[in-house]
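In: just a sequence and a predicted model for now, questions to come.
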Amino acid sequence: MPDLWELVRAHEAWRGRETINLQPSENVMSPQARALLASDFAHRYAMPGYVSPFGDSGDAYRGTRYTEQVEALADGLARHVFSAAHATVKPLSGHLAGLLLLRSTCRRGDLVMVVHAKHGGYDGYMPGFLPDHLGVRVTFLPFDEASWNVDADAAAEAIAAEAPRLVLLGASHLLFPYDLRRLRAACDDANAILGYDASHVLGLAAGGAFQRPTAEGADVVSASTHKSFPGPQGGLLLANRTDVFERAVRGVTWHIEDNAHWNRIAATAQVLLEMQAFGPSYARQVVANAKALGRHLEASGFPVKFAALGYTESHQIHIDPAAVHARFGVTPHGLADRLEANNLIVDAVGRIGTNEVTRMGAREAEMEALAGLIARAASGQDVRDEVAAVRSGLRLSFVFPE
């Protein structure tokens, strides 16, 4: 039987010191945030608002005087960082935050308009998944593949014709900001709620480098806290509508979860403090690195999409799988395997992300070096020594160029 601690140490050494992670769905926390995950909060419960059979109310547990203050601090920081009227960090994941968004805005039989998975939309919002559990109907927002964005004018017409209860933006393959003001106006005319899943771009929203959904008209925003936002794995819900937020909060305890994991909440609060300190410069550098990586990949002969649009305005760029197969003879899975053998970590769905490597201090110069290494590794060359040389110069960064 493998030794548990040997496996953990091997993972820490490999992923923590040898590889360069370019997956847009992951990030690294500061030592301070990681320490809070291992704090005494990891052992504890809290259940504020419990009403006993005798009619008195309060927290069902004792010893929570600091637990509740930490949660209140985290919620307040989230409201401030994201310019939202309401916030809760209780959702245990971005998926559960998305479930809360749907439950707090829709009833059975309501119609929801989302971005289709074939256009990069989140699979969890497709028929057969969350909508089926909640009994809501799904239709899809018109999409312009050439600009890789929702067609705002066509979407406005569709919203008027379909009269959905909820229009839900956001995607897993998200490159360019939406025209939220145009879609906000269409939702107002149709008496629809405008939602936004910011899981991938939450860290960029914190720094104002992509778009800030709550400031641009979204009624409710769900997100995970571990992609471009460099926090622990978890979820977040923001809202500007009090009625939606109150329904969401009522739908947490004993509905989708019980213990909210206050060690995670404390770690999230720490990262929100960090975003207050350096969020704008971090977010701008993430986007600058993504654009630079796209340019240098194309110059290295590695096929990347949307060059005419500047490749991206977010933390990720998209490869061209058909062109990669023609050029290197590998599928997306084969490409991911070939790069992983060289300690370059990418996913197998056609995205390359710069959020974690930026958090580790990489700048445009490292993007040029990485582009060449990716292209050479894709062609079958062994570039592990050169990857190690780049990796040796990366350290967790708290300072980003202005």
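Out: The structure has been received and is ready for your questions.

In: may I have stretch 252-262 exported as PDB, CA atoms only?
Out: Provided in PDB are the C-alpha atoms of stretch 252-262 (Å, rounded to 0.1, in the frame of the first residue of the first chain):
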ATOM      1  CA  VAL A 252     -28.200  27.500   2.300                       C
ATOM      2  CA  THR A 253     -28.400  25.800   5.700                       C
ATOM      3  CA  TRP A 254     -30.000  22.300   5.500                       C
ATOM      4  CA  HIS A 255     -30.800  22.800   1.900                       C
ATOM      5  CA  ILE A 256     -27.500  22.600   0.000                       C
ATOM      6  CA  GLU A 257     -25.100  22.400   3.000                       C
ATOM      7  CA  ASP A 258     -24.800  22.500   6.800                       C
ATOM      8  CA  ASN A 259     -21.300  23.400   7.900                       C
ATOM      9  CA  ALA A 260     -19.900  26.200   5.800                       C
ATOM     10  CA  HIS A 261     -16.200  25.400   6.700                       C
ATOM     11  CA  TRP A 262     -15.200  28.500   8.500                       C
END
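
In: what mean pLDDT would you report for the helix or strand hosting Val390?
Out: Val390 belongs to helix 384-392 when assigned by DSSP states H and E. The average pLDDT within helix 384-392 is 98.

In: then stretch 134-150?
Out: Mean pLDDT, stretch 134-150: 98.

In: neighbouring contacts of that stretch?
Out: Contacts to stretch 134-150, defined as Cβ atoms under 8 Å, 6 or more residues apart in numbering, come from residues 99, 102-103, 106-116, 119-121, 125-127, 131, 151, 154-155, 158, 162, 164-165, 167, 169, 173, 175-176, 178-179, 183, 305-306, 309, 318. Yep, even glycine has a C-beta here, placed from its N, CA and C like the rest.

In: from those, which land in helices?
Out: Counting by DSSP state H, the part of the contacts of stretch 134-150 found in helices is 99, 102-103, 131, 154-155, 158, 162, 183.

In: could you single out the nearest of the residues you listed to Val330?
Out: Nearest to Val330, judged by Cβ to Cβ, of the ones in helices among the contacts of stretch 134-150 is Pro131 at 34.9 Å.

In: that closest one: what's it in contact with?
Out: 102, 112, 125, 137-138.

In: which strand or helix spans Ala60?
Out: Using DSSP H and E, no helix or strand contains Ala60.

In: distance-wise, check it relative to Thr253.
Out: In this view, Ala60 and Thr253 are 10 Å apart by Cβ to Cβ, to the nearest Å.

In: burial count for the closest residue to Val387 other than its chain neighbours?
Out: Nearest residue to Val387, sequence neighbours excluded (Cβ to Cβ, 6 or more residues apart in numbering): Asn343, at 4.9 Å. By other Cβ atoms under 10 Å, the residues close to Asn343 number 20.

In: next: Leu309.
Out: The burial count for Leu309: 15, using other Cβ under 10 Å.

In: which outside residues touch the helix holding Val390?
Out: 17-20, 342-344, 366, 369-370, 373.

In: buried stuff in that helix?
Out: Neighbour counts over helix 384-392 (16 or more other Cβ atoms under 10 Å) mark 386-387, 390-391 as buried.

In: so which of the contacts of Pro131 is the most crowded?
Out: If you count neighbours using other Cβ under 10 Å, the busiest of these is Leu102, which has 26 neighbours.

In: check the offset of stretch 275-291 from the chain's centre.
Out: 15 Å (Cα atoms, centre = their mean, to the nearest Å).

In: what's the helix or strand of the chain with the lowest mean pLDDT packed up against?
Out: Across the helices and strands of the chain, mean confidence by mean pLDDT, DSSP states H and E is lowest for strand 50-51: a mean of 80. In terms of contacts (3 or more Cβ pairs under 8 Å, 6 or more residues apart in numbering; DSSP states H and E), strand 50-51 is packed against strand 57-58.

In: tell me the mean pLDDT for the strand it packs on?
Out: pLDDT averaged over strand 57-58 gives 84.

In: hey, what's in contact with both of Ala60 and Thr253?
Out: Joint contacts of Ala60 and Thr253 (Cβ under 8 Å, 6+ apart) are Met47.

In: pLDDT averaged over the helix or strand hosting Arg338, what's the number?
Out: Element membership of Arg338, judged by DSSP H and E, is helix 332-340. Mean per-residue pLDDT for helix 332-340: 98.

In: starting at the chain centroid, how far to whichever helix or strand comes after it?
Out: Moving toward the C-terminus from helix 332-340, the next helix or strand (DSSP H and E) is strand 344-345. Averaging C-alpha positions (Cα atoms, centre = their mean) puts strand 344-345 19 Å from its chain's average.

In: strand 344-345 pairs with which strands?
Out: strand 20-21 (parallel) (DSSP bridges).

In: off-centre distance for the strand it pairs with?
Out: In terms of Cα atoms, centre = their mean, the centre of strand 20-21 is found 17 Å from the chain centre.

In: now the helices for the stretch 151-300 of the chain?
Out: 152-162, 180-190, 202-207, 242-250, 262-299 (DSSP state H, counting those that start in this stretch).

In: that'll do, ta.
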